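Peer 1: Structure of the sequence below:
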Amino acid sequence: MIRVTENLRKIRDLLAKSAVEAQRDPGTVKLLAVSKKQPVAKVLEAARAGQRDFGENFVQEGLEKIEMTMSHDLIWHFIGHLQSNKTRAVAEHFDWVHTIDRLRTAERLSRQRPPELPPMNICLQVNVDDDAAKSGITPAALPELALAVRELPQLSLRGLMSLPAIRTSPDEQRKPFRKLRELADSLSAIDVEFDTLSMGMSDDFEAAIAEGATIVRIGTAVFGPRT
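Peer 2: Numbers count the residues shown, from 1 in each chain. Take a look at the predicted model:
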């Protein structure tokens with residue numbers, strides 16, 4: 001039987017250890033528990049163990065979990081590809097979107113975000129590997145998109161996200177994360193300030209934390225194999 005509570009404790013300890021080794025405050029690194037294709041019972045166990053931030057890749061699955069966990073005051077992050085016909089549901093129910101790489105999608109979220117809700121937190125997804133097969137905006141196009149999204153009234157532009165290609169050695173793993181951090185830093189020259197770097201997963205979170213990750217996305221190490 002998978003013990004989510006025990007897994008969470010182990011993962012938090014590992015994240016804290018990595019932060020200390022990087023001479024960072026462990027409190028600056030947030031665990032985003034990726035709950036896609038996991039039963040809601042495991043989400044509830046994690047919530048009882050103090051986990052508040054959960055990530056979903058599929059809109060309908062996420063909506064069902066949000067409805068079933070409303071009494072627990074959780075924070076829901078959409079981390080999958082967002083189709084235009086699903087933006088309203090995301091705008092109405094999620095707290096974060098990590099995968100914005102087109103202005104049109106951001107504009108739809110801003111228009112559809114209910115005015116009684118706080119602005120939706122947004123990360124721009126960057127294709128740091130310059131791989132045509134991957135989602136994400138190119139580094140060269142990032143400043144223009146960041147400036148435009150920053151002005152949308154119902155959104156709060158928080159930072160950048162990336163899903164780099166798999167690398168095996170720690171030194172190689174750090175390179176794309178370093179590039180994302182440097183891109184974030186470079187935007188301060190045009191008065192775009194970020195507080196979030198969403199990067200790193202189960203196999204490379206140490207490298208991501210060493211390069212400044214503030215949100216690390218981890219799924220099966222918390223919840224066990226997906227159903």
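Peer 1: tally of neighbours for Asn7?
Peer 2: Neighbour count for Asn7, taken as other C-beta atoms under 10 Å: 21. To be clear about C-beta, it is placed using only N, CA and C from the backbone, and glycine gets the same treatment.
Peer 1: Shouldn't it be within a helix?
Peer 2: Yes - under DSSP: H, G, I helix; E, B strand; the rest coil, Asn7 falls within a helix.
Peer 1: Please identify which helix or strand holds the closest residue in space to it that isn't next to it in sequence.
Peer 2: Once flanking residues are discounted, Asn7 sits nearest to Val222: 5.0 Å by C-beta to C-beta, 6 or more residues apart in numbering. Val222 is located in helix 220-223, with elements delineated by DSSP states H and E.
Peer 1: For that helix, the averaged confidence score.
Peer 2: For helix 220-223, mean pLDDT is 94.
Peer 1: Over to stretch 116-130?
Peer 2: Stretch 116-130 comes out at a mean pLDDT of 96.
Peer 1: what's the spacing between Arg181 and Ala91?
Peer 2: Distance of Arg181 to Ala91, computed by C-beta to C-beta, to the nearest Å: 29 Å.
Peer 1: What segments of this structure are helices?
Peer 2: Here the chain has its helices, by DSSP state H, at 4-21, 40-48, 59-68, 87-93, 103-112, 142-150, 170-186, 205-210, 220-223.
Peer 1: Of the ones you listed, flag the one that's most buried.
Peer 2: When you average the neighbours per residue for each of those (mean count of other C-beta atoms under 10 Å), helix 205-210 leads with a mean of 25.
Peer 1: If you count contacts, what does it end up packed against?
Peer 2: Under the contact criterion of 3 or more C-beta pairs under 8 Å, 6 or more residues apart in numbering; DSSP states H and E, helix 205-210 touches helix 4-21, helix 170-186, strand 215-218.
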